[in-house]
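Below: sequence and its predicted model.
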Amino acid sequence: MIKRKKRRFRASVAIVLILVALILAGASSYMIDYSLGYPQQERNSAEHWQDRIKDECPWTTHWMDSVYQNHCVKDTFVTMPSGYRAHAIYLYAPKHTNRTAVVVHGYKVRAEGMLHIAYLYNHDMGFNVLLPDLYAHGESEGDHIQMGWNDRWDVLRWSEVADGIFADGQSTRQVIHGISMGAATVMALSGEQTPDRVECFVEDCGYSSVKDEFAAQLKDQFGLPAFPLMTTTSWLCEARYGWSFDEARQIDQVRKSVKPMLFIHGDCDDFVPYRMLKPLYEAKTHGRKAIYVATGSDHAHAYRDHHQEYTQRVREFVLSNLLSKKVRK
């Protein structure tokens, strides 16, 4: 009788464990598809983002109409080292210069969704600008969203492409500026060795790690704790796509970064929680840094809400770092 009860207990435990494993597997698959899936047919058009930028930042309208009507916005396609075909748009500066901005969009956005930041650099600061479509965004190929992690290598390649487009007898002098997932990409890149042409970074409302961001969204949207679903979903991401949430730690890359970085965040941001700003800022112990808190702004709206102050802060930071080096001949 005792042996029979033990066998029944073990069988019951085994069934429960199998059910839990199946539930976690199903939930992990759902979370991967929900958070990283972005098929071509779901992507908003370039026109959608142009109209949205005009609506949110109306002071950019005349400039946007002008650069498109005069065919100043160019397309370029390149094949990345990983083999996929990638797309970007670019604009020459109003006057010849080697100063160049590579502007990186956020989650489920595309190059045209950063035209307000292109306005800042091209119209207000007189820079050349290149705006890439990240992997699986816009006109770029790709089967999943990389959350700015492997995207860092693609942005490094785009920096090289920008140098080829805009350099005219001298190397470009570049700032790389990203918002949201684009900021996470910028921070991920900042911890790698970058060529001399990349002179400083601007990150606007980036997250400290992919795991931290997904854990925050899991709690906010589904009311669930991070464990165990974040762990199993990370395993599945590594099995499917070759990278895990645990390795994608932007804060660790910031600790390794040595080039100047401006940190921007809205203090009402709860999508990429504002609380992530301080640890990221404090993690940077090498190289120059500055911080700008956009009062009252929620996620990715610091420029929209405070565009004059935002422009001033970016201008002062970027130019002070570009001008701090001897001008190349």
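Sure, I can see it. Residues are numbered from 1 along each chain as shown.

Touching, Ile264 and Gly206? I think so.
No - with contact defined as C-beta atoms under 8 Å, Ile264 and Gly206 do not form a contacting pair (9.1 Å). C-betas here are computed from N, CA, C, even on glycine.

quick one: terminal-to-terminal distance for stretch 120-127?
With C-alpha to C-alpha, to the nearest Å as the measure, stretch 120-127 spans 9 Å from end to end.

Of Ile264 and Gly206, give the one with the bigger neighbour count.
Gly206 (29 against 26; other C-beta atoms under 10 Å).

Excluding sequence neighbours, find me the nearest residue to that one.
Taking C-beta to C-beta, 6 or more residues apart in numbering as the measure, Gly206 lies nearest to Ala183, with 2.9 Å between them; neighbours along the chain are not counted.

okay but that neighbour is in contact with Ser190, surely?
No - counting by C-beta under 8 Å, Ala183 stays clear of Ser190, with 10.4 Å between them.

Please enumerate the shared neighbours of the two.
Taking C-beta atoms under 8 Å, 6 or more residues apart in numbering as the contact criterion, Ala183 and Ser190 have no common neighbours.

The residue nearest to Gly206: which element?
helix 181-190 (DSSP states H and E).

Starting from that helix, tell me the next helix or strand along the chain.
Per DSSP H and E, the first helix or strand lying C-terminal to helix 181-190 is strand 198-204.

Report all helices and strands that that next one contacts.
Using 3 or more C-beta pairs under 8 Å, 6 or more residues apart in numbering; DSSP states H and E as the contact test, the elements touching strand 198-204 are strand 173-179, helix 181-190, strand 261-266, helix 307-322.

Serialize these to TSV and add fields for mean pLDDT and distance to Met147.
Conversion of these to TSV gives the following (pLDDT from 0 to 100; distance: least, C-beta to C-beta, whole Å):
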stretch	mean pLDDT	distance to Met147
strand 173-179	98	12
helix 181-190	98	6
strand 261-266	98	18
helix 307-322	96	24
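
which ones are touching Val293?
Taking C-beta under 8 Å, 6+ apart as the contact definition, Val293 lies against Ile264, His265, Gly266, Asp267, Leu277.

This protein: helices as residue ranges?
Chain-ordered helices for the chain, with DSSP state H as the definition, fall at 2-36, 46-56, 61-69, 115-119, 151-166, 181-190, 210-222, 229-241, 250-256, 277-283, 302-305, 307-322.

from these, which stretch is densest packed?
Neighbour counts averaged per stretch over the helices of the chain are highest for helix 181-190, at a mean of 30; criterion: mean count of other C-beta atoms under 10 Å.

and the angle for that one with helix 210-222?
Taking axes from the mean of the first three to the mean of the last three C-alpha atoms, to 10 degrees, one finds helix 181-190 and helix 210-222 inclined to each other by 160 degrees.

quick one: contacts of helix 181-190?
Residues from elsewhere that reach helix 181-190 (C-beta under 8 Å, 6+ apart): 103-107, 109, 114, 134, 145, 147-149, 151-152, 155-156, 176-178, 201-207, 210, 213, 248, 250-251, 253-254, 256-257, 259, 261, 280.
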